[in-house]
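A.B. asks: Here you go, sequence then predicted model.
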Amino acid sequence: MALRPPQSHEILRPARPGFIALTLAAALFANLLPWTGAALLIKPDFLAVILLYWCVREPRKIGFAVAWLLGLTMDIGNATLFGQHALAYTLLAYAGVTLHRRVERFTIAQQTLQVVPMLLLVQVATLLVRMAAGADFPGLLYFSGSLTGAALWPLLSTLLPLPQRPKASPDQPAI
Amino acid sequence: MEHSPPPFFKTGPTPLARLLIFSALSFMLLAADARFGYLAPLRQFVSIVVYPFQRIAAAPADILRRIGEFFVTHSSLREENARLLQEMLANSASLLQLKALQAENRHLRELLAARSRITPEARPAEVLYAARDPFSRKVIIDQGARNEVKAGQAVADARGVVGQVTRVYPWLAEVTLLTDKGHAVPVQNLRSGLRGVLFGVGHDGTLELRFMPLSADVQPGDQLVTSGIDGTYPPGLPVAEVTTVERDAALMFARIHARPLSGVASHTHVLVLSWQRDVPELPAEPAPQPKRRKGKKG
């Protein structure tokens, strides 16, 4: 199996719900790793990136309810204000679900550029909620998380569709 | 039923409607949590669901640390052992004195009929991880409601105060550190006895002693200890050391910065102190004036 992003003409099988759940759980796990200091500021929000990926690829399966519930789990795990991540992920799901047709038409590099503002939306929503609750502005480095998150997009677009590739039929030469 | 569209076209509410529904739900949660604090039971329930994730996620760092501990060299262990022995010898002399002084103090307090000082009970806990929230300074420790940890208990390490338990889950507890922006400790200057309140400013290594008049007797190098007047922190625990004092006549208050003494950002083991402040009994209700009673009854 060639390790390359799927071409636009390639028809993928629908993703299995179990696989989607597995990737989301892995992303939640990555977010719950004990990050501290500068790594905490720079690290991408893995869950937001994976969630956005599935909102774009499978908007009929992953949408608002899943995003909201995952946001709540993040709020508990991070000991933050209840509803902060839930609100941010809801906005992300909205952006992903409404724009999924547009995003899918672009090449991977162009998609990455489309992803940056969506991830920034998550961070700005979180920032506004926290500043309304009385927190300080944590510095411009805070926004670097969206850029590193978007940098993950090409990798995800290559790896995550692999299980959905149709099996090569025996009477057709492999591409 | 015949007039409803076939299930192929059923997509439920539009994305905008869903966005509004879920945003409204989030805002309700935010308001309920931030303003009214209604959501403690829900937090407890979801925390049980997330707990295994948290434990597993904290494991790799833990394992790495343990591997690092295993490969300590012989010489460094010997060095540490020698250093500890020396420290112990140095401390034991003052410890002996302390025992005598404590006894003397108790005796004197008895003579004065003053309330005796209570030594807080300490429960060791391990820091699992720092909360991954760039806006606040919090850590999660591995002791929770199951271990009788309560919100409001003080947390200290070997060198001084670390923070305060602010939220308790069944197996975990959340400790707000001294350096958190919303955290304040009532302190006392060990040299001059001056009381004040020490605030966190939101980044590591700095605390601010606010609302001290320009003429306040505070100097760089002063030790600040908890004063105990809040009923949360036991009195006499070291908190911070004053680093800079700026007295600008244009301002109302002196600008005083301090450095926390405990390893606020680095500790892995802490002590949760349970301390019951023995508030004096409320004075008995003043006896009603008998004359009036009599007058009313009669």
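C.D. replies: Great, that's in hand. Numbering: from 1, shown residues only, chains lettered A, B, ... in the order given.

A.B. asks: Give me the residues contacting stretch B:174-184.
C.D. replies: If you take C-beta atoms under 8 Å, 6 or more residues apart in numbering or on different chains as the criterion, stretch B:174-184 is touched by A:79, A:134-136, B:127, B:131, B:136-141, B:155, B:161-168, B:185, B:197-207, B:239-240, B:260, B:262, B:264-265, B:270. No exception for glycine: its C-beta is placed from N, CA and C like everyone else's.

A.B. asks: Selecting buried members of the residues you listed in PyMOL, what would you type?
C.D. replies: Typed into PyMOL, the line below selects the buried ones among the contacts of stretch B:174-184, using 16 or more other C-beta atoms under 10 Å in any protein chain shown:
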select buried, (chain A and resi 79+135) or (chain B and resi 127+131+136+137+138+139+140+141+155+161+162+163+164+165+166+167+168+185+197+198+199+200+201+202+206+207+239+240+260+262+264+265+270)
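
A.B. asks: Keep only those of the contacts of stretch B:174-184 that are in strands.
C.D. replies: Secondary structure from DSSP state E places B:127, B:138-141, B:155, B:161-168, B:185, B:197-200, B:207, B:239-240, B:260, B:270 of the contacts of stretch B:174-184 in strands.

A.B. asks: Out of those residues, which are close to chain A?
C.D. replies: B:138, B:140, B:167 (C-beta under 8 Å from any C-beta of the partner chain).

A.B. asks: so what pLDDT did the closest residue to the second one other than its chain neighbours get?
C.D. replies: When you say that, I think you mean residue B:140. Nearest residue to residue B:140, sequence neighbours excluded (C-beta to C-beta, 6 or more residues apart in numbering or on different chains): residue B:128, at 4.8 Å. Residue B:128 carries a pLDDT value of 80.

A.B. asks: how close does residue B:128 sit to residue B:51?
C.D. replies: Distance, residue B:128 to residue B:51, by C-beta to C-beta, to the nearest Å: 11 Å.

A.B. asks: out of these two, which sits in the more crowded spot?
C.D. replies: Legend: neighbour count by other C-beta atoms under 10 Å in any protein chain shown for residue B:128 and residue B:51, higher for residue B:128 (20 against 17).

A.B. asks: thought the more buried one was touching residue B:54?
C.D. replies: Yes - the criterion here is C-beta atoms under 8 Å, and residue B:128 meets it with residue B:54 at 7.1 Å.

A.B. asks: Centre-most residue in the chain?
C.D. replies: Since you didn't name a chain, this refers to chain A. In chain A, the residue lying closest to the centroid (C-alpha atoms, centre = their mean) is residue A:49, at 1.8 Å.

A.B. asks: I was after chain B.
C.D. replies: By C-alpha atoms, centre = their mean, the mean C-alpha position of chain B lies nearest to residue B:164, the distance being 1.1 Å.

A.B. asks: what sits against that one?
C.D. replies: Residue B:164 sits next to B:152, B:153, B:154, B:155, B:175, B:176, B:183, B:232, B:233 when contact means C-beta under 8 Å, 6+ apart.

A.B. asks: element containing the fifth one, please.
C.D. replies: Going back to what we said before, that points to residue B:175. strand B:173-177 (DSSP states H and E).

A.B. asks: Packing partners of the helix or strand of chain A with the lowest mean pLDDT?
C.D. replies: When each helix and strand of chain A is scored by mean pLDDT, DSSP states H and E, helix A:37-42 comes last, with a mean of 76. Contact here means 3 or more C-beta pairs under 8 Å, 6 or more residues apart in numbering or on different chains; DSSP states H and E; on that basis helix A:37-42 packs against helix A:144-151.

A.B. asks: Beyond the helix it packs on, next helix or strand please.
C.D. replies: Next in line after helix A:144-151, if elements are assigned by DSSP H and E, sits helix A:153-159.

A.B. asks: ok, back up a step: can you give me the buried ones in the least confident helix or strand of chain A?
C.D. replies: Buried, per 16+ other C-beta under 10 Å, within helix A:37-42: A:40, A:41.

A.B. asks: neighbouring contacts of that helix?
C.D. replies: Contacts for helix A:37-42 (C-beta under 8 Å, 6+ apart): A:138, A:139, A:141, A:142, A:144, A:145, A:148, B:130, B:132, B:134.

A.B. asks: Out of those residues, which sit inside helices?
C.D. replies: A:144, A:145, A:148 (DSSP state H).

A.B. asks: How many residues are close by the last one?
C.D. replies: Each residue near residue A:148 was counted by other C-beta under 10 Å, and the total is 15.

A.B. asks: residues contacting the nearest residue to residue A:74 once chain neighbours are set aside?
C.D. replies: Once flanking residues are discounted, residue A:74 sits nearest to residue A:85: 4.0 Å by C-beta to C-beta, 6+ apart. Residue A:85 sits next to A:70, A:71, A:72, A:74, A:75, A:78, A:126 when contact means C-beta under 8 Å, 6+ apart.

A.B. asks: part of a strand, is the first one?
C.D. replies: So that's residue A:70. No - the assignment for residue A:70, made by DSSP: H, G, I helix; E, B strand; the rest coil, is helix rather than a strand.

A.B. asks: can you tell me which residues contact it?
C.D. replies: Contacts for residue A:70 (C-beta under 8 Å, 6+ apart) come out as A:24, A:28, A:47, A:51, A:85, A:89.
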